[in-house]
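K.L.:
Turn this into a model:
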Amino acid sequence: MAQFAVSGQHYLFNVQTFASIVLSNGGDSYEYAFRDRTTQGVIDDVAKGESELGVLVETTRTAADLEAAFAEAGVEFVELIQSAPRVALPASHPLINADKLSLEQLEDYPYIFFEQEEGAPVFMAEEALADEKRHKGIACTDRASLSELIVALNGYTVTSGILVGISDGAGLNTVPLDTDVKLHLGYIAKKGATLSETGKKFVDKLESNLKKYARF
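P.N.:
Model prediction:
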């Protein structure tokens, strides 16, 4: 019986890539798992062997700390693509037509972000520039809830801008964020591990999707 598991932060391209692999593999019998996790949860799943791969994003601000955490857990990060952070906003937002946005321009609007474990260091945040002070912040744990809250509250989040393949990104548009910070999108696997055939297919498809949909 075919078996394969992936853990990842709450990015839409994870879902689309995983679904495409399930469809292309086909078969009458399989056991697959797709796990949305906090950053630490992704690291733990891969370190324990519960997931073969973990899809994560480093930034130029968090890379050194994350690499240290990866080394301690016995996993390694493989970068697939670099991109630039973008602000995700509802289509009706007053700032949606801006050429680019600064965090100062957004300070009157609620910042919606993914909650990490209690006491988690800021470098574990999924969003770029999470270390910047906000006046209005709302934490949530679910991808669909984050999208709904952004729309309902005229809020925003900071993302890769790769909103593809699933309906809960359909109500959001993105605008470039005015920052020099870059995103490093890729995956972690156990250090020295050889990927399964399905794992290799997933990585190839993930890289293809990232290159196709990444926006700068």
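
K.L.:
how about the helices of the protein, start to end?
P.N.:
12-25, 39-48, 63-73, 143-153, 197-213 (DSSP state H).

K.L.:
per-domain residue ranges of the chain.
P.N.:
Domain ranges of the chain: 2-82+182-213, 86-176, per automatic domain parsing.

K.L.:
Can you tell me which of the helices of the chain is nearest to Asn97?
P.N.:
For Asn97, the closest of the helices of the chain is helix 143-153, at 16.9 Å, according to C-beta to C-beta. Heads up, the C-betas are built off the backbone N, CA and C, glycines and all.

K.L.:
between the closest one and helix 12-25, what angle do the directions make?
P.N.:
Relative orientation of helix 143-153 versus helix 12-25 (axes from the mean of the first three to the mean of the last three C-alpha atoms, to 10 degrees): 140 degrees.

K.L.:
Now helix 143-153: buried residues?
P.N.:
Residues 143, 146-147, 149-151 are the ones in helix 143-153 that count as buried (16 or more other C-beta atoms under 10 Å).

K.L.:
try stretch 204-216
P.N.:
Neighbour counts using 16+ other C-beta under 10 Å place 205-207, 209-210, 213-214 of stretch 204-216 among the buried residues.

K.L.:
ok, now stretch 13-26?
P.N.:
For stretch 13-26, a neighbour-count test (16+ other C-beta under 10 Å) marks 13-18, 20-22 as buried.

K.L.:
which of the residues you listed lies closest to Glu79?
P.N.:
Closest approach between the buried residues of stretch 13-26 and Glu79, by C-beta to C-beta: Phe13, at 14.8 Å.

K.L.:
The closest one is in contact with Tyr213, isn't it?
P.N.:
Yes - counting by C-beta atoms under 8 Å, Phe13 touches Tyr213, with 6.8 Å between them.

K.L.:
What segments of this structure are strands?
P.N.:
Ranges of strands in the chain, per DSSP state E, are 2-8, 30-36, 53-59, 75-83, 86-90, 111-114, 137-140, 157-159, 172-176, 183-190.

K.L.:
want to throw these into CSV with distance to Gln105, mean neighbour count and mean pLDDT?
P.N.:
Converted to CSV, the strands of the chain look like this (distance: least, C-beta to C-beta, whole Å; neighbours: other C-beta atoms under 10 Å; pLDDT from 0 to 100):
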stretch, distance to Gln105, mean neighbour count, mean pLDDT
strand 2-8, 30, 21, 93
strand 30-36, 30, 14, 96
strand 53-59, 20, 25, 96
strand 75-83, 21, 17, 96
strand 86-90, 9, 24, 93
strand 111-114, 12, 22, 96
strand 137-140, 16, 14, 96
strand 157-159, 13, 25, 93
strand 172-176, 10, 20, 91
strand 183-190, 20, 22, 96
